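Chemist: with the sequence up front, the predicted model follows.
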Amino acid sequence: MTDPITGAYQDFAKEMSYGDYLQLDSLLTAQQPRSKSHDEMLFIVMHQTAELWMKLALHELVAARALIQAHGELRPAFKMLARVSRIQTQLIAQWDVLATMTPADYLSFRDELGKSSGFQSYQYRALEYLLGSKDPKMIEPHAHRPDLVALLRQHLAEPSLYDACIALLARRGFAIDPAHLNRDVSGPYQADPSVEAAWRTVYQDANTHWDLYELAEELVDLEDSFQTWRFRHVTTVQRIIGFRQGTGGTAGVGYLKRAVGRPFFPELWDLRTTL
């Protein structure tokens, strides 16, 4: 290979190249359409890309939670949480690309999907668990994969990102109800008055509690982006398949609509009414 800048020749036979580092041979051969439909490639690439972004989001959220739990190190965690919000921006934009697919385009290969469904994305489920939306029934679609069941059960049993933030509030001296602090974190999160009171104090005296105030706003940004992603998912699916049953036997648009607006951090939204 000749360097386009220096003109020097470089032989990559014994060196790591760009393609080697990114494992592009594996990555770019992972798209295997099962039909002759032109649009199936779009469907595959869009969903594979979404899974890659979700992998990065999980990486960032797990690291942010660890920092908050271990030392209350918020500044590095802020960067990680902000990055996840930006990842969500990419995921939201992807729906615009998929929306170029018409109902007829999708129906030309839909039967090839069999029982596969985005409902079965274990990374998406892990994200929900990390953010506090926990339902053990959501592990059932992965029963055929003991490794994924074990992974999701681990996420289910661990404190969520929000649990870590509430524990931090308690360590900072806020009066969080002990019963709430010691609740079973494997269950769905329920709003608690003592948590809302703590966040209200943070907002009412932001100068004193600036890092916690910024943490709260990072969480709101994160949820805002996630809920926008959910909403665009609903509108795109409705645009393409209407109210048909989803692949894999899901309720399609009806199921997706029920998830929109279901909060991860309810006290941070509720206090906006009472401030």
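Modeler: Right, received. Where do you want to start?

Chemist: residue ranges with poor pLDDT in the stretch 101-250 of the chain?
Modeler: Under the criterion pLDDT under 70, the flagged ranges of the stretch 101-250 of the chain are 242-250.

Chemist: mind doing that once more with 80?
Modeler: Along the stretch 101-250 of the chain, segments meeting pLDDT under 80 span 118-119, 241-250.

Chemist: can you give me the helices for it?
Modeler: Using DSSP state H, counting those that start in this stretch, the helices of the stretch 101-250 of the chain run over 103-107, 122-131, 146-157, 161-171, 178-181, 193-204, 210-241.

Chemist: output the contacting helices and strands for the second one.
Modeler: So the one you mean is helix 122-131. helix 40-70, helix 146-157, helix 161-171, helix 210-241 (3 or more C-beta pairs under 8 Å, 6 or more residues apart in numbering; DSSP states H and E). Yep, even glycine has a C-beta here, placed from its N, CA and C like the rest.

Chemist: and the first one, which residues are buried?
Modeler: Under the neighbour-count criterion of 16 or more other C-beta atoms under 10 Å, helix 40-70 has 40, 42-44, 50, 53-54, 57-58, 60-61, 64-65, 67-69 buried.

Chemist: packing partners for it?
Modeler: helix 74-98, helix 122-131, helix 161-171.

Chemist: dump these into JSON lines; add mean neighbour count and distance to residue 181 as well.
Modeler: Listed next are the helices and strands packed on helix 40-70 as JSON lines, based on neighbours: other C-beta atoms under 10 Å; distance: least, C-beta to C-beta, whole Å:
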{"stretch": "helix 74-98", "mean neighbour count": "17", "distance to residue 181": "19"}
{"stretch": "helix 122-131", "mean neighbour count": "20", "distance to residue 181": "19"}
{"stretch": "helix 161-171", "mean neighbour count": "20", "distance to residue 181": "6"}
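
Chemist: dump those helices into JSON lines; add distance to residue 115 as well.
Modeler: Compiled in JSON lines, these are given as follows (distance: least, C-beta to C-beta, whole Å):
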{"stretch": "helix 74-98", "distance to residue 115": "20"}
{"stretch": "helix 122-131", "distance to residue 115": "15"}
{"stretch": "helix 161-171", "distance to residue 115": "32"}
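
Chemist: of all these, which lies closest to residue 33?
Modeler: helix 74-98 (15.4 Å; C-beta to C-beta).

Chemist: just the buried residues of helix 40-70 now: which is nearest residue 31?
Modeler: Distances from residue 31 to the buried residues of helix 40-70, taken as C-beta to C-beta, are shortest for residue 44 (4.9 Å).
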